[in-house]
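> Test case, fold it:
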Amino acid sequence: MAQPMQLGFQDAASPVMEELLRFHDHTLMIVFLISTLVLYLITATVSTKLTNKYILDSQLLEVVWTILPAVVLVMIAFPSLHILYHTEKLGVPYVMVKATGYQWYWSYDYMDYELLAFDSRMVNTKDLTPGMLRLLEVDNRMVMPQNLLTRVFVSATDVLHSWAVPSLGIKMDAVPGRLNLVDFSTSRPGVFYGQCSEICGANHSFMPIVIESVPKILFEDWAYDTNKSF
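Numbering: from 1, shown residues only. Now for the predicted structure:
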């Protein structure tokens, strides 16, 4: 979850988010180097003889400032395409879940379990107990197995929503009448918080997402007990 006064990203909890953080750092360094070079050239142009017409009209300079941006774009494009391929690659999921957005809560339907389906609503402030997070805690968490591929089908029944969990690198639109899917896995156990990232109405800020990642054996126990209770 986000921390007070936090400026950076949340700690990565999935392979995709780890790749995104590396790409961010890689690209940020390139931007820093370009900014430094441009600032130096501007300063040098004002204060030295770089304004000489033989330099400004140099063919070599034209070639350099044409090729250099192309090289920079290639350095950014290759890791970007690698991440894009990684996020779009479909595997064999261990569990499949349908997440449906309503005004204003989420509903989860575990497609591999006949009766395992529930609504996930935000816990009201007056009902919070010590340790719960205001505006982020829900009454029923989505539980998933750690290190195993989970496939989530995302849809909505009324207006546009967006199923987003920053620490897992997930943001998928929930569109009425359409079924989008996202594959992901968690690299460590824990509880990961997200919120609807689409302006979906008056209570848009009151439909959080909570995913709990547990070892496979604990997930099976939870799924069996929950499914049996229904």
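> what's the spacing between the closest residue to residue 214 other than its chain neighbours and residue 206?
Once flanking residues are discounted, residue 214 sits nearest to residue 189: 5.8 Å by C-beta to C-beta, 6 or more residues apart in numbering. Quick note: C-beta positions are derived from backbone N, CA and C, even for glycine. Computed as C-beta to C-beta, to the nearest Å, the residue 189 to residue 206 distance reads 27 Å.
> Residue 23 against residue 77, yeah?
No: when contacts are counted by C-beta atoms under 8 Å, residue 23 is not listed as touching residue 77 (11.1 Å).
> Nearest the middle, which residue of the chain would you pick?
When C-alpha atoms, centre = their mean is applied to the chain, the residue found nearest the centroid is residue 169 (2.5 Å).
> Please tell me how far that residue sits from residue 83.
Taking C-beta to C-beta, one finds residue 169 at 9 Å from residue 83.
> Please enumerate the shared neighbours of the two.
16, 19, 20 (C-beta atoms under 8 Å, 6 or more residues apart in numbering).
> Quickly find the element holding the residue lying closest to residue 9 once chain neighbours are set aside.
Sequence neighbours aside, residue 21 is the residue nearest to residue 9 in space, at 6.0 Å (criterion: C-beta to C-beta, 6+ apart). Residue 21 is part of helix 15-47 when elements are defined by DSSP states H and E.
> Could you list every helix and strand in contact with that helix?
Here helix 15-47 touches helix 59-88, going by 3 or more C-beta pairs under 8 Å, 6 or more residues apart in numbering; DSSP states H and E.
> Pull out the buried positions in the helix it packs on.
Within helix 59-88, the residues that qualify as buried are residue 87, counting by 16 or more other C-beta atoms under 10 Å.
> going forward can the numbers begin at 51, since that is how I track them
Right, with 51 as the first residue, what we last looked at is helix 109-138.
> the bottom helix or strand of the chain by mean pLDDT?
When the helices and strands of the chain are scored by mean pLDDT, DSSP states H and E, helix 103-106 comes last with a mean of 62.
> and stretch 86-96, average pLDDT?
Summarised as a single mean, pLDDT over stretch 86-96 is 84.
> Domains in this structure, by residue range?
Following automatic domain parsing, one gets these domains for the chain: 65-138, 145-279.
> Quick one: end-to-end distance for stretch 224-239.
26 Å (C-alpha to C-alpha, to the nearest Å).
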